[in-house]
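Novice: Sequence below, structure please.
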Amino acid sequence: MGFPGTWMTESESMVYRVVPKCACSTIGQIMFFSDHGRFFDGDIHDSTAGLHKWAQEGSQPRIEANVRAHASYAFTCVRNPYTRILSSFFDKIAGIQRNGKRYRGKLVPMLIQKYGIEVGSPEDGFDFDQIKSFRRFLLFARDTIRWNRPMEPDIHWSAMSGHIATFIANGGRFDHIFWTERFNEGMQVVLDNTQVAHPIGLADMPRFNESEGHGPKRAHPVEAYFDDLSMHLVYDIYKRDFVLFRYDFENPANKMPTGEIDLDEVHAKLSG
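Specialist: Numbers count the residues shown, from 1 in each chain. Coordinates of the predicted model:
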């Protein structure tokens, strides 16, 4: 199994377990900068050199040896499940991807046909009922996660705890898990605990949101998208995420965590 979704600086100063839709573009660029003194020119997900990634075969032995020995500071970043699933919908379902096409080819046409989702288009200014379509997407996301149909769950909306569990179950241990909602504070802890060739000021650096500008803007506040049934579906899918990472299930309008993450609890509950 190894350590899928794991990135490591070439200097092996830090190890990061990617969780999609949780500031991973920004974190990857910080890691790249810390070794090279410059940001990667383009989407860091497209880089094939300058950063060790599990998806690059040549990086796997280095990452595996490091993680198993816990030789470097290991961390990851999480996000409120309500805003994360909304972001996945607007980016991957309603948005146009960097290549100018829809995400995963036939996925959106299948959703339109089977779930009655509308997504609009650039030509009509993405004019569609966002709330109705999102709630139908939520049914689809639940079906993929609960029953693997009509397809396997996608990494962008599968539970954060599932991503993080693969790292732990295969012998990794996290030194730090922080929240996207308190990004600078959490990332600074990582930098304070690592020796980097090129220091970086988090307050002054750009944010890398590769999905921005390719689709519709969210037209309503977060809580407008979640009625009682939608909240039930979200809790059904992401119960462990809410509990382990201390997010407020009762109030979709509150994106901030409600308590501190207990690393021992995370490792105990996700190790099996």
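Novice: residue ranges of the strands in the stretch 1-150 of the chain, please?
Specialist: Secondary structure of the stretch 1-150 of the chain (DSSP state E, counting those that start in this stretch): strands at 6-9, 14-17, 51-53, 73-78.
Novice: and the longest one, which strands flank it?
Specialist: Pairing partners of strand 73-78, with direction, according to DSSP bridges: strand 14-17 (parallel), strand 176-179 (parallel).
Novice: residue contacts, R84?
Specialist: R84 is in contact with K21, C22, W157, M160, counting by Cβ atoms under 8 Å, 6 or more residues apart in numbering. For the C-beta atoms, the positions are set from N, CA and C on the backbone; glycine is no exception.
Novice: again with G162
Specialist: G162 makes contact with no residue under the criterion Cβ under 8 Å, 6+ apart.
Novice: Could you check the host helix or strand of it and say which residues are buried?
Specialist: Element membership for G162, per DSSP states H and E: helix 160-169. Neighbour-count burial for helix 160-169 flags M160, S161, G162, H163, I164, A165, T166, F167, I168 (criterion: 16 or more other Cβ atoms under 10 Å).
Novice: Only the C-alpha atoms, please, for it, written as PDB.
Specialist: Output in PDB follows, covering the C-alpha atoms of helix 160-169 (Å, rounded to 0.1, in the frame of the first residue of the first chain):
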ATOM      1  CA  MET A 160     -10.500  13.500   5.100                       C
ATOM      2  CA  SER A 161     -10.100  10.800   7.800                       C
ATOM      3  CA  GLY A 162      -9.800   8.200   5.100                       C
ATOM      4  CA  HIS A 163      -6.900  10.000   3.400                       C
ATOM      5  CA  ILE A 164      -5.200  10.500   6.700                       C
ATOM      6  CA  ALA A 165      -5.800   6.900   7.800                       C
ATOM      7  CA  THR A 166      -3.700   5.500   5.000                       C
ATOM      8  CA  PHE A 167      -0.700   7.300   6.300                       C
ATOM      9  CA  ILE A 168      -1.200   6.100   9.900                       C
ATOM     10  CA  ALA A 169      -2.200   2.500   9.100                       C
END
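Novice: and it with strand 73-78, angle?
Specialist: 160 degrees (axes from the mean of the first three to the mean of the last three Cα atoms, to 10 degrees).
Novice: mind checking how far D264 is from I27?
Specialist: 24 Å (Cβ to Cβ, to the nearest Å).
Novice: Please save the CA atoms from whichever strand or helix holds I237 in CSV.
Specialist: Using DSSP H and E, the element containing I237 is helix 228-244. Extracted in CSV, the C-alpha atoms of helix 228-244 (Å, rounded to 0.1, in the frame of the first residue of the first chain):
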residue,chain,number,x,y,z
ASP,A,228,-32.0,19.3,7.5
LEU,A,229,-31.7,16.4,5.0
SER,A,230,-28.5,17.8,3.6
MET,A,231,-27.0,18.1,7.1
HIS,A,232,-28.0,14.5,7.8
LEU,A,233,-26.3,13.3,4.6
VAL,A,234,-23.1,15.3,5.4
TYR,A,235,-23.0,13.8,8.9
ASP,A,236,-23.5,10.4,7.5
ILE,A,237,-20.6,10.8,5.2
TYR,A,238,-18.2,12.8,7.4
LYS,A,239,-19.0,11.9,11.0
ARG,A,240,-15.4,10.9,11.8
ASP,A,241,-14.2,14.2,10.3
PHE,A,242,-16.4,16.3,12.4
VAL,A,243,-15.5,14.4,15.6
LEU,A,244,-11.7,14.0,15.1
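Novice: What ranges in the stretch 51-200 of the chain fall below the confidence cut-off?
Specialist: Along the stretch 51-200 of the chain, no part satisfies pLDDT under 70.
Novice: which residues of it fall in helices?
Specialist: Remark: helices assigned in the stretch 51-200 of the chain by DSSP state H, counting those that start in this stretch are 60-69, 81-88, 107-115, 130-147, 160-169, 183-192.
Novice: What are the buried residues along the second one?
Specialist: Of the residues in helix 81-88, those with enough neighbours to count as buried (16+ other Cβ under 10 Å) are P81, Y82, T83, R84, I85, L86, S87, S88.
Novice: which one among those gets closest to D241?
Specialist: Distances from D241 to these, taken as Cβ to Cβ, are shortest for P81 (4.9 Å).
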